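Colleague: sharing a model that was predicted from the sequence below.
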Amino acid sequence: MSYEELMDYDEVMESYDPALGLEVHVELNTHSKMFCSCSTQFGAEPNTQTCPTCLGLPGSLPVVNAKAIESAIRIGLALNCSISTWCRFARKNYFYPDMTKNFQTSQYDEPICFDGQVEVEVDGQPFIIPIERAHMEEDAGKSQHMGGTTGRIQGADYSLMDYNRAGVPLIEIVTKPIMATGPQAPAVARAYVGFLRDMIRALGVSDVRMEQGSLRCDANVSLMPKGSTTLGTRTETKNVNSLRSIEKALRFEICRQGAILSSGGQVVQETRHWHEDGAYTSAGRSKEEAEDYRYFPEPDLVPIAPSREWVEELRATIPEPPAVHIAGLNKTWGFSDLEMRDVVNAEAVDLIHATVEAGASPQAARKWWMTELLRRANAESISLEDLPISGEHVAEVQRLIDSGLISDKIARQVIEAVLAGEGSPTQIVEDRGLTLVSDSVTLQKAVDDVIEANPDIAQKIREGKDQATGALIGQVMKQMSGQADAAKVREMIIASLAS
Amino acid sequence: MTSLIHATAAELADLLSTGVVSSEEVTRAHLDQIADVDGEVHAYLYVDSDRALDTARQVDRKRQQGEQLGRLAGVPVGLKDAFTYMGAPTTCGSKILEGWYPPYNATVTQKLIDADMIILGKTNMDEFAMGSSTENSAYGPTCNPWDLHRIPGGSGGGSAAALASFQAPLTIGSDTGGSIRQPAAVTGTVGVKPTYGAASRYGLVAMASSLDQPGPCARNVMDAALLHEVICGHDPKDSTSINAEVPNVVAAAATKDVRGLKIGIVKELGGEGYEPEVLARFREAIDLLANAGAEIHEVSCPHFPAALGAYYLIMPSEVSSNLARFDAMRYGLRVGDDGSTSTEQVMRTTRGAGFGAEVKRRIILGTYALSSGYYDAYYGSAQKVRTLIIRDFTQAFETVDVLMSPTSPTTAFTIGERANDPIAMYKADLCTIPTNLAGNAAMSIPAGLGDNSMPVGVQIMAPPQGDDRLYRVGGALEALLQDKWGGPLLGTLAKEAR
Amino acid sequence: MTLTNADVARLADLARLDLTPEELSVMAGQLDVILDAVASVSEVAGDDVPPSSHALDLTNVFRVDEVHQSLSPEAALKMAPAVEDGRFRVPRILGE
């Protein structure tokens, strides 16, 4: 729960302009860590992926993973950044038990990628996102807080450290202040992070799973009075781990800051934490107590000087920007502009693409993802891709329908079961015995029975009133407990009455 | 035949390869000597007797079976306690690492093992290699075998004293500002700081990463060359390791010819603050080389006087960061954890209790030099001075092949004499520090005794990757001096012992 | 340059180092002397001199992205002051 005063969003927008800043951490999907040869596999048993280097043991030394540098440069190129000709790692010194050396090997004033920009679209309107830098660093270990009540750090008795994640390569992408978005600010932020996710996925350098923490976003926002050009005091909201939370958290912060400013108060420059459950932010560390990180060039590593030939080689591997990619896809899909915009807004492009790739028609793929599945996702407040169902599953369901094995109605049951984790569609249909009765003797018997029992309706159909067929189909389906193909039943009824 | 403990490593290698003695006998002789004298000298922090003897017997067996073994196979060696060696504790002379058994071997350690050398134990050192006297060891000081009331130099006083008291024919050191060379000078032994990047730092507990360099310690130049050859070479685990052939130092040590060689005397390393006897021995050494056909030039390295100041900013800065990892969380000492205290407090208490005064001083100094608002004036300026020192060397080596100077301004001082005067202590490294800042190679060899009958060392400096030049000049000068003395300087100590 | 006890206390705090009041004042005095001795460093080099963080002239030292054997969890945890459930046990963290 938030106990803070909030101002109506539209009212804030009447008096203030928001300025955004986004820091996105992307965990690279290299096989080994940034500075040692331990595996980066997610979900392993605690402390099974550590060595002297990532444990920070005395005497150990780092050696840079070439693939991580390559991935960093490719991300930079995709963000239209300049690639440094010579840069170094630096040590960021601070004590924290999840940091085995009590310094993070990062980059400071010499990032490998700098000065880029990308364009995103919100409701058909383009926005330029200026990129300050993309630099390399290493992830920290994971702590679990024990005792106390909630597993939270406050009130815990002690903590348990797992260093499997320590040293996993990260790219931190930092924007310059994003101005002049007006009321669209939260949507622009969401669109930008969505863009990063899609682009980085297309590059194949990260799994970009927000829920697993392989893409993490810190969102800065400040307000300035309309007409002013001086940036206001900003807050940095951490722990925003889904696209929709980015939008919600920023909206919340804008309403909170608006309430403070309009009542003559001052925004405190601080870190804030987003609480997904209550949809509010709360104050964290105040920046006044900010640590002095004592950055200096990492003496255990030598500088990185990517040759221009290498950079050009990598540039040739950069896939087209997502917008171009989407336009390309829609050439074969043939959705209307409005349909396509809905698909993009629902972040269903890749899912539909996967479904089509797995054999479904574009229209069928769109139908499933944009109706049934979108409804489910919205009901659970999660994004479509977080539903436990894949494009292959959806295509399989559609294939079962197309081959007459199940009806549309049963297909919905099958989808439910897939979402409940019961297995693949084919398996579910078999396990539950949902296959349509395709045995025509049984089906013909039911049709004959229903015609005999409803002579009046049968007569109407004979006289050409096609819409009356529905009533008979309904009864046949009822007799068959739904396990019949309605289209086939219709054919049989018409055939029986025509003879 | 000299006794086994007084033999050189090269002699031992020959005795072993011809089957005259076994490695077990050689090892046992050294372990006996350790048992006899180390109570007084305190060169070792840990003696690995059982494993040393086991390994010696294995090497003897390999030899009997006709296996091709390396030149130093079966020869004992002492390892500075800053290098990890599985199965033995690595403490770096600090309480904070008391009882720490590392789960991996340093590359240098592994190379000794792969060369079938016999690691006798871990030698004493100033805590985390910070000091010039070995008085900063948390486990008590090492004494100079020439005079037990005097310091053996530091930080590698244990490695140097072990050689001078015949408790090992060879030892390994690490040199950040002179920690191999200054102890060599004050104990009458030979110490080499190879070119930065020549020997791997992997598994050497870091003091100042951009300055640290492992190197060989011995009683004569040829022995040092043989050990140099074993421990140097490219290591993919150390990003700062040089990927090139190791210069042929063994051949260079055997040359003993300096005709036509250009030797530069560094004008700035001498004069005020230097003991007259130190300067006299240095001058005599230069005269010998001149008589043997070397060309002597005086060269100026105008920025050397700023080297000590730059060093005392760069080194503590790196120290403050490198030693942050000793925080009581994953290994080592933990103090003050009573179940209610916080991690933050336990870190503070442990570090306060586990580090000695000199280490704390350097951590605070480094924290200051890197802190916001002071970085440019201190760390930044020091890095610029480093550039100037590198340029001084580059310029000097355009006209001469090697540079020479005294190794340390004074002979060994008495234990306790400089304990409360950090600046006086720091000045012991005045002549050795410039090579660490510039990354080039340097050697100290004995040049005789001062009027207090304590050894004096001279330093030879070569450009990066020119390590062989050290051995050529060092080998020649050693031969000239020994002709004059009628044998090795340490011979007098050996005779006294017998 | 004069460092007060309070300055040293702040630095000790940054460095997570408990110092006794005696240690603090002794150190403040010693650091003054040391800083005096090194102060001239800032006057030696002009603006045109680039800094050297390293004597080495090496760049681009990389490792192939391959997974090698990690330590066993037993070896990783063996030297830990406290262990629980395959993890390093640390006292409660004040944190942010």
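Modeller: That came in fine, so what should we check first?
Colleague: can you pull out the helices in the stretch 101-250 of chain B?
Modeller: B:107-114, B:157-164, B:181-187, B:221-231, B:249-255 (DSSP state H, counting those that start in this stretch).
Colleague: kindly export the second one (C-alpha atoms) in CSV.
Modeller: Looking back up the chat, that one is helix B:157-164. The C-alpha coordinates for helix B:157-164 follow below in CSV (Å, rounded to 0.1, in the frame of the first residue of the first chain):
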residue,chain,number,x,y,z
GLY,B,157,62.7,-11.3,3.9
GLY,B,158,61.8,-14.9,4.5
SER,B,159,62.8,-16.0,1.0
ALA,B,160,66.1,-14.1,1.2
ALA,B,161,67.0,-15.2,4.7
ALA,B,162,66.2,-18.8,3.8
LEU,B,163,68.9,-18.6,1.1
ALA,B,164,71.4,-16.8,3.3
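Colleague: got the helices of the stretch 101-250 of chain B as TSV, with mean neighbour count columns?
Modeller: Using the backbone N, CA and C atoms, a C-beta is placed for each residue, glycine as well. Compiled in TSV, these are given as follows (neighbours: other Cβ atoms under 10 Å in any protein chain shown):
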stretch	mean neighbour count
helix B:107-114	22
helix B:157-164	35
helix B:181-187	36
helix B:221-231	26
helix B:249-255	20
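Colleague: looking at the ones you listed, which is closest to chain C?
Modeller: Nearest of these to chain C, taken as Cβ to the nearest Cβ: helix B:107-114 at 15.1 Å.
Colleague: specify the angle between that closest one and helix B:221-231 in degrees.
Modeller: Taking axes from the mean of the first three to the mean of the last three Cα atoms, to 10 degrees, one finds helix B:107-114 and helix B:221-231 inclined to each other by 100 degrees.
Colleague: off-centre distance for helix B:107-114?
Modeller: 17 Å (Cα atoms, centre = their mean, to the nearest Å).
Colleague: so does it get close to chain A?
Modeller: No: for helix B:107-114, no contact with chain A is found by Cβ under 8 Å from any Cβ of the partner chain; the gap never falls below 9.5 Å.
Colleague: what would the helices of the stretch 101-250 of chain B look like in CSV with mean pLDDT?
Modeller: Converted to CSV, the helices of the stretch 101-250 of chain B look like this (pLDDT from 0 to 100):
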stretch, mean pLDDT
helix B:107-114, 98
helix B:157-164, 98
helix B:181-187, 98
helix B:221-231, 98
helix B:249-255, 98
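Colleague: per-residue pLDDT, A:Gly278?
Modeller: Confidence at A:Gly278, expressed as pLDDT, is 84.
Colleague: wait, a strand at it?
Modeller: No: going by DSSP: H, G, I helix; E, B strand; the rest coil, the assignment for A:Gly278 is coil, not a strand.
Colleague: tell me how far it lies from B:Gly475.
Modeller: 78 Å (Cβ to Cβ, to the nearest Å).
Colleague: of those two, who's got more company?
Modeller: B:Gly475 (25 against 10; other Cβ atoms under 10 Å in any protein chain shown).
Colleague: how far does the helix or strand harbouring the more buried one sit from the chain's center?
Modeller: Taking DSSP states H and E as the criterion, the element that holds B:Gly475 is helix B:467-485. In terms of Cα atoms, centre = their mean, the centre of helix B:467-485 is found 19 Å from the chain centre.
Colleague: now it: buried residues?
Modeller: B:467-481 (16 or more other Cβ atoms under 10 Å in any protein chain shown).
Colleague: show the average pLDDT along whichever helix or strand comes after it.
Modeller: Of the helices and strands lying after helix B:467-485 in sequence (DSSP H and E), the nearest is helix B:491-497. In this model, helix B:491-497 has a mean pLDDT of 72.
Colleague: residues making contact with helix B:491-497?
Modeller: B:6, B:145-146, B:164-166, B:188, B:485 (Cβ atoms under 8 Å, 6 or more residues apart in numbering or on different chains).
Colleague: how about stretch A:31-41?
Modeller: Defining contact as Cβ under 8 Å, 6+ apart, one finds that stretch A:31-41 is touched by A:27, A:29-30, A:49-51, A:53-54, A:62-65, A:67-68, A:105, A:136-138, A:164, A:167-170, C:63, C:65-68, C:70.
Colleague: quick one: that stretch to chain centroid distance?
Modeller: Stretch A:31-41 sits 24 Å away from the centroid of its parent chain (Cα atoms, centre = their mean).
Colleague: now that stretch - C-alpha only, CSV.
Modeller: The C-alpha trace of stretch A:31-41 is given here as CSV (Å, rounded to 0.1, in the frame of the first residue of the first chain):
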residue,chain,number,x,y,z
HIS,A,31,28.1,-19.9,-22.3
SER,A,32,30.7,-18.7,-19.7
LYS,A,33,31.0,-15.8,-17.4
MET,A,34,32.4,-12.4,-18.1
PHE,A,35,35.8,-13.0,-16.6
CYS,A,36,36.1,-16.7,-16.0
SER,A,37,35.1,-20.0,-17.5
CYS,A,38,32.2,-20.9,-15.2
SER,A,39,28.9,-21.7,-16.7
THR,A,40,26.1,-19.1,-16.8
GLN,A,41,23.3,-21.6,-16.9
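Colleague: show the average pLDDT along it.
Modeller: For stretch A:31-41, the mean confidence score works out to 97.
Colleague: which residues of the stretch 1-150 of chain B lie near chain A?
Modeller: B:82-84, B:90, B:92, B:97, B:100, B:102-104, B:106.
Colleague: now do 6 Å
Modeller: B:84, B:104 (Cβ under 6 Å from any Cβ of the partner chain).
Colleague: now the stretch 1-150 of chain A against chain B: closest residue?
Modeller: For the stretch 1-150 of chain A and chain B, the shortest gap (Cβ to the nearest Cβ) falls at A:Asn102, measuring 3.6 Å.
Colleague: in the stretch 1-150 of chain B, which spans are strands?
Modeller: Counting by DSSP state E, counting those that start in this stretch, residue ranges of the strands within the stretch 1-150 of chain B are B:44-47, B:76-80, B:118-123.
Colleague: and the ones you listed, which is most packed in?
Modeller: Of all the strands of the stretch 1-150 of chain B, strand B:76-80 has the most neighbours on average by mean count of other Cβ atoms under 10 Å in any protein chain shown, namely a mean of 30.
Colleague: if we can go back for a sec, how about the contacts of helix B:491-497 in a markdown table, adding distance to chain C?
Modeller: Shown next, in a markdown table, are the contacts of helix B:491-497 (distance: Cβ to the nearest Cβ, whole Å):
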| residue | distance to chain C |
| --- | --- |
| B:His6 | 38 |
| B:Pro145 | 31 |
| B:Trp146 | 30 |
| B:Ala164 | 31 |
| B:Ser165 | 32 |
| B:Phe166 | 34 |
| B:Gly188 | 29 |
| B:Trp485 | 36 |
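Colleague: of the residues you listed, closest to B:His30?
Modeller: B:Phe166 (8.0 Å; Cβ to Cβ).
Colleague: which residues touch the closest one?
Modeller: Contacts were defined as Cβ atoms under 6 Å, 6 or more residues apart in numbering or on different chains; by that measure B:Phe166 touches B:5-6, B:33.
Colleague: any of those residues buried? List them.
Modeller: Buried among the contacts of B:Phe166 (16+ other Cβ under 10 Å): B:5-6, B:33.
Colleague: state which strand of chain C is the longest.
Modeller: strand C:87-91 (DSSP state E).
Colleague: who are the packing partners of that strand?
Modeller: Packing partners of strand C:87-91 (3 or more Cβ pairs under 6 Å, 6 or more residues apart in numbering or on different chains; DSSP states H and E): strand A:158-162, helix B:343-354.
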